[in-house]
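**Q** I need the structure of the sequence given here:
(3 chains)
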Amino acid sequence: MDEAAHERIRAAVAAIPAGTTSTYGAVAAEAGLPGRARLVGRVLREDGHDLPWHRVLRADGTCAPHVAQEQAARLRAEGILVEGGRLPKAFRSRREP
DNA sequence: TGCTTGACGCGCT
DNA sequence: AAGCGCGCCAAGC
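**A** The predicted model follows:
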């Protein structure tokens, strides 16, 4: 495995401002691993327990199937309303064109 | 050693 | 709008 990349991914997730969200692809790209979105998911599964993983959504703004409930609840706590398991575009402030 | 799986992304139909 | 397939790569079996 790639421990350096692993750490950069954690850093990228930790750097997501509270009240905003990002995506797996964006986090991967910011960690210097473009196209490795899946790797981000792996890392969050293994080491995401101390990170704001709930701020990380899929590229289309939907929550990850495994944690959708938990994530939606946490996002609400951050002031982000999730409708139908989907996040309003307006909240996607990180790495969006 | 080699195949399958998976917190994903993106283009095409 | 919704679904399907392909690419990426580390882990698990």
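**Q** worst-scoring helix or strand of chain A, pLDDT-wise?
**A** Every helix and strand of chain A was ranked by mean pLDDT, DSSP states H and E. The lowest is helix A:68-77, at a mean of 91.
**Q** alpha carbons only: can I get that helix in CSV?
**A** What follows is helix A:68-77, C-alpha atoms only, in CSV (Å, rounded to 0.1, in the frame of the first residue of the first chain):
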residue,chain,number,x,y,z
ALA,A,68,-26.0,7.5,3.9
GLN,A,69,-28.0,7.7,7.1
GLU,A,70,-25.1,8.6,9.4
GLN,A,71,-23.8,11.0,6.8
ALA,A,72,-27.1,12.8,6.3
ALA,A,73,-27.5,13.2,10.1
ARG,A,74,-24.0,14.6,10.5
LEU,A,75,-24.4,17.0,7.6
ARG,A,76,-27.6,18.3,9.1
ALA,A,77,-25.6,18.9,12.3
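**Q** now it: buried residues?
**A** A:Q71, A:A72, A:R74, A:L75 (16 or more other Cβ atoms under 10 Å). The C-beta positions use only the backbone N, C-alpha and C, and glycine is treated the same way.
**Q** pLDDT on stretch A:1-15, on average?
**A** If you average the pLDDT over stretch A:1-15, you get 93.
**Q** which bits of chain A sit near DNA strand B?
**A** Selection of chain A residues close to DNA strand B by Cβ under 7 Å from any atom of the strand yields A:23-26, A:37-38, A:40-42, A:44-45, A:48, A:53, A:56, A:58-60, A:64-67.
**Q** which among the buried residues of helix A:68-77 gets closest to A:H6?
**A** A:Q71 (21.5 Å; Cβ to Cβ).
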